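**Q** Just need the structure, nothing else, for what follows:
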Amino acid sequence: MGVTIDDIKKLKELTGVGLTDAKVALVEADGDFDKALEAMRKKGLTKAEKKGDREARAGVIDSYVHDGRIGVLVELNCETEFVAKLDEFKQLAHEIAMQIAAMSPQFVNQTDIPSEEVTRVRSEAAASDALKSKPADMVEKIVDGQVKKHFVEKVLLSQGYILDDSKTVEQHIKESIAKLGENIIVGQFKRIELGVNE
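**A** Below is the predicted model:
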């Protein structure tokens, strides 16, 4: 398969790398665009992981109101004012606000879940009649799985991304980190629904 200039440009656009890197990736993948894109995403996500420890004090607060019934405010942080002003960054903040409106998460990430809440859910799962006849080591694994499943939809970063359910919100943010070259974190959010007091 040959490498075309259109494919190089398209790969550059999708991954945020330079033309040379895009061309090299396509050559290494023997012109297979999907294979090259996957390779570039893996490289980009590896870089994104390394950026995860850097301070993110700049950013934006975005809002989204759905049908006059659900309102969301979300704080999305990055490292510099320059990136905070980019349309791609503002778009990401808006997409996350839409995600929160649609999926109603309670926590940003796993570490935000209060330990007493985890203990309560774990106790309820362990007390299930269906587990009484199972061996202890198996019960532990089943309970772990049930607790994880219980919280997956309550944690924003663990949720399937509404605009592309082949990835999680966290993976979508990491792709933006790879593209924009800065650490990006969701600082906090508030979701209000008409007639619902939380």
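**Q** what are the ranges of the strands in the chain?
**A** 58-66, 70-78, 185-193 (DSSP state E).
**Q** Skipping its backbone neighbours, what lies nearest the spatially most central residue of the chain in space?
**A** The residue lying closest to the centre of the chain (CA atoms, centre = their mean) is residue 170, at 1.7 Å. In this structure, residue 170 finds its nearest non-sequential neighbour in residue 157, 3.9 Å apart by CB to CB, 6 or more residues apart in numbering. In this view, the C-beta of every residue, glycine as well, is placed from N, C-alpha and C.
**Q** wait, residue 75 sits on residue 187?
**A** Yes. Look at residue 75 against residue 187 with CB atoms under 8 Å: they come within range, at 3.6 Å.
**Q** Now do residue 68 against residue 192, distance only.
**A** Distance, residue 68 to residue 192, using CB to CB, to the nearest Å: 12 Å.
**Q** follow-up on the earlier one: for residue 31, find the nearest of the strands of the chain.
**A** strand 70-78 (35.0 Å; CB to CB).
**Q** picking up where we left off before, so for residue 68 and residue 192, which sits in the more crowded spot?
**A** It is residue 192, of residue 68 and residue 192, that has more neighbours when counted by other CB atoms under 10 Å, with 14 against 7.
**Q** Return the per-residue confidence for the more buried one.
**A** What the model reports as pLDDT for residue 192 is 95.
**Q** cool, and residue 156?
**A** In this model, residue 156 carries a pLDDT of 96.
**Q** how near is residue 115 to residue 161?
**A** 28 Å.
**Q** quick one, which of the two is more surrounded?
**A** residue 161 (19 against 7).
**Q** count of residues packed around the closest residue in space to the more buried one that isn't next to it in sequence?
**A** Excluding the flanking residues, the one nearest residue 161 by CB to CB, 6+ apart is residue 172, at 4.7 Å. Neighbour count for residue 172, taken as other CB under 10 Å: 19.
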